[in-house]
Structures are given as C-alpha cells and as structure tokens.
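*Asks:* Everything below, folded, please.
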Amino acid sequence: MENTARWTIKVSRDTDISLRTYLAQQGMKKGDLSKFIERAVQKEILAQTAVDVKQRNADLSDEELEALIDEAVSAVRAEMRLEAQVKAKVR
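*Replies:* You can find the predicted model right below:
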C-alpha cells in the first residue's frame, strides 16, 4: 500500500477472534488484516453512498433519473476523450 495511514482501533474480543479465525480459514496471514479492513471500509462507504444517492433521488421520475445518468455518462466520456487526445499529442 502506498501512502498509508496508521490506525489504532478497538474491537470486541469476539470480533477479533472471529475475524482472525476467518482470515486463517481463508489462508490469509497476519498482514492481510489491514487489506481486509480496507476492503470492508471501502464496501461500507460505497453502500452508504448508494443509500444516500437513492434517498436524494427518490422524488425523481424514471425518465428524469435516466436523463441525469445519460448526462453524467456523456460528460465523463467527453472528459475521457479529451484526456486521450491530450495524451496522444504529448507522445
């Protein structure tokens, strides 16, 4: 991992034993604990973000939501094309 931060966390003894048992059963080693926690945090952030977005857009019709999605996808594609063109000119 690049640019890491050190955390000091506390969990219950039961959680510690459960997680370490799970990691051992999966053939993971002690160092994999950090990777497991990082993936779990990323998944939780993604899940909470999805809930927030759904709540924020709950009052939109399907057509309005589809139009917003199409607009965002078009903007990202245009940005990616521009970046590709800039990279091609640099080479």
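*Asks:* in this structure, which spans are strands?
*Replies:* In the chain, no strands are found when defined by DSSP state E.
*Asks:* Does anything pack onto the longest helix along it? Which helices or strands?
*Replies:* For the chain, the helix that runs over the most residues, judged by DSSP state H, is helix 62-90. On a contact count with 3 or more C-beta pairs under 8 Å, 6 or more residues apart in numbering; DSSP states H and E, helix 62-90 meets no helix or strand. Any C-beta I mention is one placed from the backbone N, CA and C, and that applies to glycine too.
*Asks:* And residue 58, how far from residue 64?
*Replies:* As for residue 58, its distance to residue 64 is 12 Å (criterion: C-beta to C-beta, to the nearest Å).
*Asks:* sorry, that was for residue 25
*Replies:* Using C-beta to C-beta, residue 25 is found at 47 Å from residue 64.
*Asks:* Leaving out the residues flanking it, which one is nearest to residue 33?
*Replies:* With C-beta to C-beta, 6 or more residues apart in numbering as the measure, residue 23 is the residue that lies nearest to residue 33, at 6.5 Å, once sequence neighbours are left out.
*Asks:* Count the residues that sit near the one you found.
*Replies:* If you count neighbours by other C-beta atoms under 10 Å, residue 23 ends up with 16.
*Asks:* just checking, it touches residue 31?
*Replies:* No - the criterion here is C-beta atoms under 8 Å, and residue 23 misses it with residue 31 at 10.0 Å.
*Asks:* Quickly list the domain ranges of this protein.
*Replies:* 11-59, 60-91 (automatic domain parsing).
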